[in-house]
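**Student:** Could you work out the structure for the sequence below:
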Amino acid sequence: MSNNKRQQTMAKIQRERAVKEKRERKLEKKQLRAEERKARAAGLPLPGDDLVTDDMPVEDGLPTGDDMPVEDGLPTGDALPASERDVA
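**Tutor:** Residues are numbered from 1 along each chain as shown. Coordinates of the predicted model:
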């Protein structure tokens, strides 16, 4: 057997590093999903769940829903007669 060692190329080092990082990201995702499953099974709220609730208070003075201003130049659905809306 030869005692000479071949030096690793930078391309090989970069490929191995990319594979290692991909495996680490995959493991992190897997662990996160497992934690979410455990939390859901226990009935605990998840960090992103509180943003979806409809019970959020509306700040006074800010328009919501139908009160939102319409930009000038853009017609609303009611601005055009029915005969012009259905011209497809």
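**Student:** which stretches of the chain have low pLDDT?
**Tutor:** Scanning the chain for pLDDT under 70 picks out 1-2, 47-88.
**Student:** swap the cut-off to 80 and go again
**Tutor:** Applying pLDDT under 80 to the chain picks out residues 1-4, 45-88.
**Student:** Confirm for me that residue 40 is in contact with residue 34.
**Tutor:** No - using C-beta atoms under 8 Å, residue 40 is not in contact with residue 34; the gap is 10.9 Å. Yep, even glycine has a C-beta here, placed from its N, CA and C like the rest.
**Student:** which SS state does residue 3 fall under?
**Tutor:** coil (DSSP: H, G, I helix; E, B strand; the rest coil).
**Student:** Tell me the spacing between it and residue 12.
**Tutor:** Remark: distance between residue 3 and residue 12 (C-beta to C-beta, to the nearest Å) = 21 Å.
**Student:** more crowded one of those two?
**Tutor:** Set side by side, residue 3 and residue 12 show more neighbours around residue 12, with 10 against 4, by other C-beta atoms under 10 Å.
**Student:** mind checking how far that one is from residue 18?
**Tutor:** The spacing between residue 12 and residue 18, counted by C-beta to C-beta, is 11 Å.
**Student:** How about residue 43?
**Tutor:** Counting by C-beta to C-beta, the gap from residue 43 to residue 18 is 40 Å.
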